[in-house]
Each structure stands twice: as structure tokens, then as C-alpha cells.
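Asks: Okay, here's the prediction I keep looking at, along with the sequence it came from:
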Amino acid sequence: MSHTKWFRKRVKYRYDNPHSFWSLITDTQTLKADILIEGEKITLVEPGLQSGGRLAGRSFESIDASGKLIMPGGVDPHTHFDLPMASTVSSDDHYTGHKAAAFGGTTTVLDFIPQDPGSLEANVDAWHKKADPKAAIDLASI
């Protein structure tokens with residue numbers, strides 16, 4: 001399930017500055033390129049998409065990221081948001097924890113679910129009912 005209330009927008013974007021390309025960092029290389037994002041998915045990465053490339057002449061909303069480093073979002077595979085333990089609850093709920101994660105570059109978290117009485121499915125459903133309204137980034141539960 002995708003949660004985009006606070007951190008991302010569900011619109012079509014064209015990230016391009018034809019006069020000064022910006023640095024895109026992947027797991028294998030750093031390159032100067034443009035990125036076409038449609039919905040929430042990167043669909044094209046190449047230099048000069050709009051200024052003479054495959055998309056020349058098409059109109060897009062642009063964000064100038066000159067001088068910025070564009071990197072993939074991080075995944076935190078071990079979180080405990082709003083988790084009851086002993087006679088207290090962990091310090092961050094899903095909103096505050098997600099907001100802090102997003103500011104640090106993390107766009108997906110895997111949150112641990114308490115194993116309360118009842119079926120696993122019931123525990124997962126109860127946890128998502130609690131977490132989903134506060135989710136600000138992508139969330140999976142384990």
C-alpha cells in the first residue's frame with residue numbers, strides 16, 4: 001500500500017533543467033541526467049530528455065535540481081513505531097517516525113507488529129488500521 005500524504009505527490013513530473021544537468025546517484029554510478037517521473041514511477045533516465053531528446057517539444061512541469069544530488073530513497077527494514085512495550089510505548093508514532101525518516105532520505109519502512117492474541121491476519125489488520133492514517137512514507141509490516 002502506498003502512502004503519499006506528506007512526502008510525495010501523485011502527479012506527473014518532469015525533472016529537467018536543459019541548461020545545467022544535475023547529478024543522479026544510483027547503486028552503480030553517478031551521472032548527469034534528466035529523470036521523467038510518471039505517477040510514482042521513474043520511467044526514463046537520460047541526458048537531455050526535453051532539450052533535444054526523446055521528449056523534445058512536450059510540455060512538463062519541471063523542478064530545477066541544479067547542484068543537487070538525487071539519490072534513491074532508503075529502506076529501513078527494522079522499525080518499531082507506536083509499539084507497546086512493558087508499561088510504555090515507543091517514542092515515535094507512525095507520523096513522527098515517518099517524518100523523521102523522510103527528512104533523512106528514507107522513503108520506506110518495515111515496521112514490526114506486536115503479536116497480540118488472535119490470528120496473524122487480525123494483528124496485521126489492527127496494526128494497519130492504527131498506522132495507515134498516520135503514514136507519511138511507504139510502509140510495510142512484518
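Replies: Received, thanks. Numbering: from 1, shown residues only.

Asks: and the lengthiest strand in the chain, which residues are buried?
Replies: When the chain is parsed with DSSP state E, its longest strand is strand 30-38. By neighbour count on 16 or more other C-beta atoms under 10 Å, the buried set for strand 30-38 is Ala33, Asp34, Ile35, Leu36, Ile37. Every residue, glycine included, has its C-beta placed from N, CA and C.

Asks: what pairs with the last one across the strands?
Replies: According to DSSP bridges, the residues that bridge with Ile37 are Tyr13, Ile42.

Asks: so it touches Thr43, yeah?
Replies: Yes - the pair Ile37 and Thr43 passes the contact test of C-beta atoms under 8 Å, sitting 7.1 Å apart.

Asks: Domain boundaries for the protein, per the record?
Replies: Here the domain parsing of the chain from automatic domain parsing is 13-70, 74-141.

Asks: ranking those by mean pLDDT, which is last?
Replies: Among the domains of the chain, domain 13-70 has the lowest mean pLDDT, at a mean of 67.

Asks: Show the residue spans covered by the strands in the chain.
Replies: 13-15, 22-25, 30-38, 41-46, 69-70, 74-79, 84-85, 88-89, 106-111, 138-141.

Asks: Which of these sits closest to Asn123?
Replies: Distance to Asn123, taken as C-beta to C-beta, is lowest for strand 138-141 among these, at 9.0 Å.

Asks: Buried residues of the closest one, list them for me.
Replies: Going by neighbour count (16+ other C-beta under 10 Å), the buried part of strand 138-141 is Asp138, Leu139, Ser141.

Asks: What helices and strands are in contact with that strand?
Replies: If you count contacts as 3 or more C-beta pairs under 8 Å, 6 or more residues apart in numbering; DSSP states H and E, strand 138-141 packs onto strand 106-111, helix 120-131.
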